[in-house]
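# I would like the atomic coordinates for the input below:
(one chain, ligands or ions: 1)
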Amino acid sequence: MNHQHLHIPERRQGLKTICLGLLGGMVLSTLAIGAETPVSRGTALYASACASCHGANPALGQLNILKGRKDGALILKVIKENKGGMGYLSGSIQAAQAADIAAYLGGF
Ligand code: HEC
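Now for the predicted structure:
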């Protein structure tokens, strides 16, 4: 029996698995960075449309912002009712945007 011949191919196989694993991980993380999610869209929308009054950090709950947590319908409603002078946002914040912001707020 020649043990060398049995062991070398096994080791190569292991290395190949590790390389493929690394490559797969890189592809997956690239996709994750590039992909838009409700939370990533909501983060950007919050910063551009809400932070000026509610503050950069929603965790502080300024002006009851956390009432909009996971509640896009409430966000739409208060904008429609011009609560706190938010009515001017109705042109840019519609159901889809409100849902994204609500998803982002859900993280606080
Ligand atoms: C021009 C300033 C301003 C901007 C910009 C603004 N808000 Fe407000 N918002 C207010 C004020 C003021 C209140 C408190 C109103 C009150 O209690 O009568 C408020 C209240 C709220 C509430 C609580 C409503 C309730 O029923 O108590 C939510 C939720 C909310 N805003 C979400 C948002 C979101 C989401 C955005 C961005 C799309 C946003 N606001 C942008 C001023 C603003």
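# Identify the residue spatially nearest to Gly106, adjacent ones excluded.
Lys70 (4.3 Å; CB to CB, 6 or more residues apart in numbering). The way it works is simple: take the backbone N, C-alpha and C, and place the C-beta from them, glycine included.
# Surely that neighbour touches Tyr104?
No - in this structure Lys70 lies outside contact range of Tyr104 using CB atoms under 8 Å: 9.8 Å.
# Could you check which of these two is surrounded by more residues?
A direct count of neighbours by other CB atoms under 10 Å for Lys70 and Tyr104 places Tyr104 higher, at 25 against 12.
# excluding its backbone neighbours, what's nearest the more buried one?
Distances taken as CB to CB, 6+ apart place Gly42 nearest to Tyr104, at 3.0 Å, with adjacent residues excluded.
# State the helix or strand in which the one you found lies.
Using DSSP states H and E, Gly42 maps to helix 38-45.
# For that helix, output the C-alpha coordinates as PDB.
Taking Å, rounded to 0.1, in the frame of the first residue of the first chain, the C-alpha atoms of helix 38-45 are listed here in PDB:
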ATOM      1  CA  PRO A  38     -36.600  48.000   1.900                       C
ATOM      2  CA  VAL A  39     -34.300  48.900   4.900                       C
ATOM      3  CA  SER A  40     -31.500  50.200   2.600                       C
ATOM      4  CA  ARG A  41     -34.000  52.300   0.600                       C
ATOM      5  CA  GLY A  42     -35.700  53.400   3.900                       C
ATOM      6  CA  THR A  43     -32.400  54.500   5.400                       C
ATOM      7  CA  ALA A  44     -31.700  56.800   2.400                       C
ATOM      8  CA  LEU A  45     -35.300  58.100   2.300                       C
END
